[in-house]
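Engineer: model this:
(chains A, B and C)
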Amino acid sequence: MEINMAVDEALKSELSKAGIFTTTIEDIYNWGRKSSIWPLQFGLACCAIEMIATAASRFDLARFGAEVFRPSPRQADLMIVAGTVTKKMTPQVVRLYNQMPEPKYVIAMGACAISGGPFKQGYNVLKGIDRFIPVDVHIPGCPPRPEALLHALMTLQRKIDSQRSIGKPEAVTNRAYNDRSEEYLIPRFGEHDLVPTHNPLVFHPTAIKRTE
Amino acid sequence: MTDPLTIRFPSVTFDTATGSYVLPLSIALEVANYLRDDAAYRLDMATNVAGVDWLPQVIKKKVKTSVTNAEGVVEQVESEVSENKPGLMEVVYHLISVEKRKGPLVIRLQTTRENPVVPSLTPVWRGCEFQEREAFDLYGIVFEGHPDLRRIFMWDEFKDFPMRKDYVESDDYEYEPTPHDAVLEKAQKHYPNQT
Amino acid sequence: MNNQPDPTVLESPGGPRAYTVTPSDEGLQTLEISLGPQHPSTHGVFRMDIVVDGETVIKLKPVFGYLHRNHEKIAESTTWLGTMPYTDRLDYFCSMSNNWGYALAVEKLAGIQVPERAEYLRVIMAELTRIVNHTCLVGFFINDLGAWGTPLLYAFREREKILDLFEAASGARMMCNYMRFGGCRVDVPAGWLDQARKIVDEYPAFLDEFEKLICGNEIIMARTQGVGTLSPALAVNSSMTGPMLRASGVAYDLRKHAPYGIYSQFDFRIPLGDVGDCYDRYFIRLLEMRESLKILKQALDKIPEGPVSADIKIRNFKPAAGEAYSRIESPKGELGFYVISDGSTRPHRYHVRGPSFVNLTVLEDMCLGQKIADAVVILGSIDIVLGEVDR
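Structural biologist: Have a look, this model is predicted:
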């Protein structure tokens, strides 16, 4: 039998009219987490400038609580991979991701981080950061407008809202509490390419049926 | 040619097709020092250094020749002539004079594709340092006399020279949503059961 | 302020160097630090391997290639016009200038004439780009010194106003893709020139505000004066161009001394520095912004009506075999495009001479003997963008 953790909306509004505020611990905890995300200061290329513009005064990331860009991965919970990830940079990206404490999230910003982008045909370009680390939100665009990054942040906030931290072990999706956190494979530099070219535990491309 | 460079060094040739001087490798360093220091030129800055790769090619040209035919009449006959141009690797330097405000003078150092070795002009113009390292990294051209010749863009364990015309890139085309042309061929190796 | 040690044994490898550093008699205890590639003040994915004795830098090797996106190889497999969007992504602050440089190279190769209104638009866009770039540089530079974001936010506030203009003209804020061979892609909309005039009229107030807040500031002066001095002889020999060269006192600006477009018709001055330290490099950019505003005023007044692009056949565009090298004065220095055509629809060779790449040659020379915090300031004053360094 599953216990419904949410409070009935009608009851909630009746009680709040009487001055009683009801919620669940899960909701308060997730509200705290999503409203104070600390991104890692990690701009790679052109998308980094749009990220800085989002943090600047016109588009104002501070409204969402995410203005505190931390230089150290030990203090950050969100890694916005903004820009092209080259094969030379990939071991560093994975290392930084491993050093972030749980719960951690990744936003792949821009076409280059999603799939290699316009530079896809490249001997030094990694065709998407999701070959090595799990990505939560993808933002298309080249570069995506600052409003698109804000939309992605709001999508991430919704995702954080839906994560569960307490309850049965199978139901807990917050990786800080479910012992499913792991170190991801760091590729090494080979003679012609990275070794391995992708992490098979992480990279799950959809099977494509070509009918021609 | 009547310019001071070719008078002083007769073995330097001027290539009219590209408007540049081709320097023989044995005197390249001497010519470079002359171009930098001589009052006629004072080319004190080497702004651009680029490596270029030419694959061996067969150039077919249509040529009209005069032939006397059986009746003794001279007529023009068109024939196709094949010229074998051997492969070539060259380094192109654009030199400017800041003192005299003169525009780029172009010099070329040419070498073979099988064993590309040229003298480095870094001792003459320090600005060539990083750009020659780039030509080494991407083309494999070895610059003798360069103070610090190692790879600059790719990682040290990398073995290929990517900008060469016959470079074959490694295969990481496992996932291609909408491929066509050359990319489709590369991706099809990973989708054996599909057409 | 800088203790210059006597030259001796531990010498930096070959080539004409400005400076050599050595161990003391008691023996050297050095620390090797890798600064980057993820670091708040390295302007992108740039790494410096620094060897320090205490806090003094005794060896510095820059390592890059972390953003090497094989732009030149892609250009060899795309058509001539297909490379234009990729030039936007070279120096991603200054996409208009990059576009112009490439269009100029191909126009030289194929002998294409550009109509007058297009030339004026190109100058207007290039000078607006120069203002955007220098504003951002000044903001990032003060950020590196430790001013924690406030001047940067002022700079970005002004940048947004100019990005609105770019968006109205070309459709995109940053990656404009606006120039074509023979002119510009499309004419500016109605009211654009008036809005540009308004921004040009209001800009000096922002520059005055910045100068009053920052330039007399004793922390800035103490941390940047005398730091990272570059002699004019070394600057010319190391192929420095742009504000770096002019800060060392060498009067060489491509807009005046190798003019392209219609720059010879405008009246502007070239600021020069005396000492060649970081303070000069930073101040010269503020002065250059004022000169750019002068050029903009003249261009906005004199711009004629007319077509904005020459009528060339772009489908199956095959310039004649040959080569061309075009140089423009981009905000960072001399941006050169070297193209070789073999008569087909794709370039045989396409090479970008990135100013940030070449300007890094003297990084070690300027940093030897300075403190490690100064190395960050010196790097900031060179004004690098990794898209151009690594291409």
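
Engineer: Enumerate every residue touching residue 83.
Structural biologist: Because you didn't say which chain, this covers chain A. A:43-48, A:109-110, A:112-113, C:67 (CB atoms under 8 Å, 6 or more residues apart in numbering or on different chains). The C-beta positions use only the backbone N, C-alpha and C, and glycine is treated the same way.

Engineer: I was thinking of chain C, sorry if that wasn't clear
Structural biologist: Contacts of C:Thr83 by CB under 8 Å, 6+ apart are C:74-75, C:102, C:347, C:350.

Engineer: tell me, which of those residues make contact with chain A?
Structural biologist: The subset of these within reach of chain A, by CB under 8 Å from any CB of the partner chain, is C:Ile74.

Engineer: Relative to chain B, which of the contacts of C:Thr83 is nearest.
Structural biologist: C:Tyr350 (9.5 Å; CB to the nearest CB).

Engineer: Now the closest one: closest residue in space, sequence neighbours ignored.
Structural biologist: C:Ala75 (4.0 Å; CB to CB, 6 or more residues apart in numbering or on different chains).

Engineer: Check the one you found and give its pLDDT.
Structural biologist: With respect to pLDDT, C:Ala75 scores 90.

Engineer: secondary structure element for it?
Structural biologist: Taking DSSP states H and E as the criterion, C:Ala75 maps to helix C:71-76.

Engineer: and for that helix, what are the contacting residues?
Structural biologist: Taking CB under 8 Å, 6+ apart as the rule, helix C:71-76 contacts A:119, A:121-123, B:162-163, C:83, C:86, C:89-90, C:346-352, C:391.

Engineer: Just the buried residues of those residues.
Structural biologist: Buried residues within those, defined by neighbour count using 16 or more other CB atoms under 10 Å in any protein chain shown: A:119, A:121-123, B:162-163, C:83, C:86, C:89-90, C:346-352, C:391.

Engineer: Of those, which belong to helices?
Structural biologist: Secondary structure from DSSP state H places C:Tyr86 of the buried ones among the contacts of helix C:71-76 in helices.

Engineer: rewinding a little: would you format the contacts of A:Gly83 as JSON lines with distance to C:Leu109, neighbour count and pLDDT included?
Structural biologist: Formatted as JSON lines, the contacts of A:Gly83 follow (distance: CB to CB, whole Å; neighbours: other CB atoms under 10 Å in any protein chain shown; pLDDT from 0 to 100):
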{"residue": "A:Gly43", "distance to C:Leu109": "35", "neighbour count": "24", "pLDDT": "85"}
{"residue": "A:Leu44", "distance to C:Leu109": "33", "neighbour count": "29", "pLDDT": "88"}
{"residue": "A:Ala45", "distance to C:Leu109": "29", "neighbour count": "28", "pLDDT": "88"}
{"residue": "A:Cys46", "distance to C:Leu109": "28", "neighbour count": "29", "pLDDT": "87"}
{"residue": "A:Cys47", "distance to C:Leu109": "32", "neighbour count": "29", "pLDDT": "89"}
{"residue": "A:Ala48", "distance to C:Leu109": "34", "neighbour count": "24", "pLDDT": "89"}
{"residue": "A:Met109", "distance to C:Leu109": "37", "neighbour count": "30", "pLDDT": "92"}
{"residue": "A:Gly110", "distance to C:Leu109": "32", "neighbour count": "29", "pLDDT": "91"}
{"residue": "A:Cys112", "distance to C:Leu109": "30", "neighbour count": "31", "pLDDT": "89"}
{"residue": "A:Ala113", "distance to C:Leu109": "35", "neighbour count": "28", "pLDDT": "91"}
{"residue": "C:Leu67", "distance to C:Leu109": "28", "neighbour count": "29", "pLDDT": "90"}
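
Engineer: May I ask which two of those residues are separated the most?
Structural biologist: A:Met109 and C:Leu67 (15.2 Å; CB to CB).

Engineer: related to what we said a few turns ago, just curious, which of the contacts of A:Gly83 is nearest to B:Arg8?
Structural biologist: Using CB to CB as the measure, the one of the contacts of A:Gly83 that approaches B:Arg8 most closely is C:Leu67, at 43.7 Å.

Engineer: related to what we said a few turns ago, just the ones of the buried ones among the contacts of helix C:71-76 in strands?
Structural biologist: Per DSSP state E, strands hold the following members of these: C:347-352.

Engineer: Greatest separation within those residues: which pair is it?
Structural biologist: Using CB to CB, the two most remote members of these are C:His348 and C:Val352, lying 15.2 Å apart.

Engineer: For chain A, which segments are assigned as helices?
Structural biologist: Under DSSP H, chain A gives helices at A:9-17, A:25-34, A:46-55, A:90-99, A:111-115, A:146-161.

Engineer: now the last one: how far from the chain's centre is it?
Structural biologist: Put plainly, it is helix A:146-161. Helix A:146-161 sits 10 Å away from the centroid of its parent chain (CA atoms, centre = their mean, to the nearest Å).

Engineer: From the contact counts, what lies against that helix?
Structural biologist: The helices and strands touching helix A:146-161, judged by 3 or more CB pairs under 8 Å, 6 or more residues apart in numbering or on different chains; DSSP states H and E, are helix A:25-34, helix A:46-55, strand A:105-109, strand A:137-139.
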